[in-house]
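Q: This is a predicted model, with the sequence first.
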Amino acid sequence: MAVAVGTLLFVAVGGGLAAWASRQHQTEKKALEREIARRDEQARTVQLDFEAKLRAFKKEAQREVAEAMTARDQARGPGDLKRQTQALEAARPRPTRRTTLPTRPTAAPPKPPFRVPRKPQIEDDPLGALPVINRGDF
């Protein structure tokens, strides 16, 4: 009876410790998941802020380039830009026009005359190509 009670007490304490450890593990797991979610949200916020700053920078750069080009064009005058464009077009090298040389039709090579092949000579001796045997024994 004492052994049964001891075993039951041992199983109960072991089960309680296992349940407590599992609960601790779940609590730590949930805390880590919350921390990961918080850091993901921070990273998303930083990324969106960076993209907004980048768009603003690009827009500002485009505006400055447009203003600089407008100021330069106004300083030149409308006729000056047109004259420069025409001068550049006139000075640009043009490729020479390629034309094909006239060709004369060439005559096709003459066909060889039609010839009937010669009839092959067949000898009637079936053993004519064998070497001559001088001795009578094999």
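A: Here it is on my side, so go on.
Q: In the chain, which residue is most central in space?
A: Glu51 (27.0 Å; C-alpha atoms, centre = their mean).
Q: quick one: low-confidence parts of the protein?
A: When residues are selected by pLDDT under 70, those of the chain lie in 72-81, 126-138.
Q: Scan it for its longest helix.
A: With secondary structure taken from DSSP state H, the chain has its longest helix at helix 2-76.
Q: Which elements pack onto that helix?
A: Here helix 2-76 touches no other helix or strand, going by 3 or more C-beta pairs under 8 Å, 6 or more residues apart in numbering; DSSP states H and E. C-betas here are computed from N, CA, C, even on glycine.
Q: Let the chain start at 2 from now.
A: With 2 as the first residue, the last one maps to helix 3-77.
Q: ok now that helix, how far from the chain's centre?
A: 32 Å (C-alpha atoms, centre = their mean, to the nearest Å).
Q: Beyond that helix, next helix or strand please.
A: helix 79-92 (DSSP states H and E).
Q: Specify the angle between that next one and helix 3-77 in degrees.
A: Counting by axes from the mean of the first three to the mean of the last three C-alpha atoms, to 10 degrees, helix 79-92 points 100 degrees away from the direction of helix 3-77.
Q: buried residues in helix 79-92?
A: By 16 or more other C-beta atoms under 10 Å, helix 79-92 has no buried positions at all.
Q: Export only the CA atoms of it, formatted as CSV.
A: The C-alpha coordinates for helix 79-92 follow below in CSV (Å, rounded to 0.1, in the frame of the first residue of the first chain):
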residue,chain,number,x,y,z
PRO,A,79,13.4,81.4,-77.8
GLY,A,80,15.3,82.0,-81.1
ASP,A,81,18.7,81.0,-79.7
LEU,A,82,17.6,77.5,-78.7
LYS,A,83,16.1,77.0,-82.2
ARG,A,84,19.2,78.1,-83.9
GLN,A,85,21.4,75.8,-81.8
THR,A,86,19.2,72.9,-82.6
GLN,A,87,19.3,73.6,-86.3
ALA,A,88,23.1,74.0,-86.2
LEU,A,89,23.5,70.7,-84.4
GLU,A,90,21.3,68.9,-86.9
ALA,A,91,23.2,70.4,-89.9
ALA,A,92,26.6,69.4,-88.3
